[in-house]
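**Student:** Here's my sequence, what's the structure:
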Amino acid sequence: MPFVDAAEPVEKEAQASAQTKISPSGEPEDKAVLLDVLSRFESELREQLKNALAELKQRIEQGPPFQLEERQKRIVRLEILLNDPDADLPEQYRRVVEAYRVELDYAKTIDAYRALLKTDGNERLVDFLSIGRLALYYQTLNGRESGIWLNDSRRWQRLSGEGNEAITQGLRTARKLEPPQLIELPLPGPRKP
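**Tutor:** Sure, this is the predicted structure:
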């Protein structure tokens with residue numbers, strides 16, 4: 001994760017400070033130095049968590065728009081948590097890591113869901129088929145029209161009639177109405193560097 005590398009300078013300083021002289025009672029002679037290091041470490045870790053969340057938010061905005069409302073709400077909840085000065089640091093860390101795990105899980109799942117498709121100022125209820133982060137499709141409820149999300153141009157492209165049958169089969173498989181099987185689906189073109 002991106003925020004792990006930034007902790008190294010603070011970690012080295014903490015190790016150096018840990019070598020402070022210890023009094024016979026077992027207490028560090030320079031508690032102020034240790035407290036200062038710990039305070040800066042916490043501050044830097046909180047900042048790194050915010051950076052990690054900003055990166056995750058950007059990836060969501062730039063990726064295929066599947067389950068977008070749910071994913072955006074998760075980011076908003078995390079932003080509120082990370083901006084709360086009284087929030088527990090371990091809880092903040094756990095929740096950010098959990099959000100990354102959820103996004104990683106999307107990369108290896110096939111999902112079917114019903115939601116509104118917004119195109120050219122129109123909204124209509126359609127079925128969506130998400131193949132990991134690789135491809136996102138829609139199909140009208142009557143099964144007559146299907147499309148694929150072109151991430152590079154950030155738009156939907158309508159598919160030919162052949163694509164409809166494959167999308168229907170993919171939706172049925174994702175909903176576990178049919179056993180898993182090999183389905184030939186059209187894929188978006190290669191990504192631009």
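**Student:** ok, A87 - contacts?
**Tutor:** By Cβ atoms under 8 Å, 6 or more residues apart in numbering, the contact list for A87 reads L81. Placement of C-beta: from N, CA and C, glycine included.
**Student:** Now do the SS call for it.
**Tutor:** When classified by DSSP: H, G, I helix; E, B strand; the rest coil, A87 comes out as coil.
**Student:** What pLDDT is listed against it?
**Tutor:** pLDDT recorded at A87 is 92.
**Student:** how close does it sit to K57?
**Tutor:** The spacing between A87 and K57, counted by Cβ to Cβ, to the nearest Å, is 18 Å.
**Student:** Over to Q169?
**Tutor:** Counting by Cβ to Cβ - Q169 and K57 are separated by 34 Å.
**Student:** Low-confidence stretches in the chain?
**Tutor:** Counting by pLDDT under 70, the chain contains low-confidence residues at 1-29, 31-36, 38, 190-193.
**Student:** By residue count, tell me the biggest helix in it.
**Tutor:** Secondary structure of the chain read by DSSP state H shows that its longest helix is helix 31-62.
**Student:** For the residue nearest the centre of the chain, give me its contacts.
**Tutor:** Nearest residue to the geometric centre of the chain (Cα atoms, centre = their mean): E103, 3.6 Å. Residues in contact with E103 (Cβ under 8 Å, 6+ apart) are 56, 59-60, 71.
**Student:** where do the strands sit along this structure?
**Tutor:** For the chain, applying DSSP state E gives strands covering 110-119, 122-131, 135-140, 146-150, 155-158.
**Student:** Report the buried residues of the last one.
**Tutor:** The neighbour-count criterion (16 or more other Cβ atoms under 10 Å) identifies W156 as the buried residues of strand 155-158.
**Student:** tell me the contacts of R144?
**Tutor:** Contacts here follow Cβ under 8 Å, 6+ apart; on that basis R144 touches N164.
**Student:** any idea how far N83 is from it?
**Tutor:** Using Cβ to Cβ, one gets 47 Å for the distance from R144 to N83.
**Student:** Give the buried subset of the contacts of E103 as a ChimeraX selection command.
**Tutor:** Restricted to buried positions by 16+ other Cβ under 10 Å, the ChimeraX selection for the contacts of E103 reads:
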select :56,60,71
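**Student:** Return the member of the contacts of E103 nearest to V96.
**Tutor:** Distance to V96 across those (Cβ to Cβ) is lowest for L56, with 7.8 Å.
**Student:** Could you double-check that the closest one lies in contact with R74?
**Tutor:** No. Contact criterion Cβ atoms under 8 Å: L56 and R74 do not qualify, at 9.1 Å.
**Student:** Touching both of these two, which residues are there?
**Tutor:** The contact sets of L56 and R74 overlap at A99 (Cβ under 8 Å, 6+ apart).
**Student:** any chance of the contacts of E103 in TSV, plus distance to G189?
**Tutor:** Below are the contacts of E103 laid out as TSV (distance: Cβ to Cβ, whole Å):
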residue	distance to G189
L56	26
R59	20
I60	22
R71	24
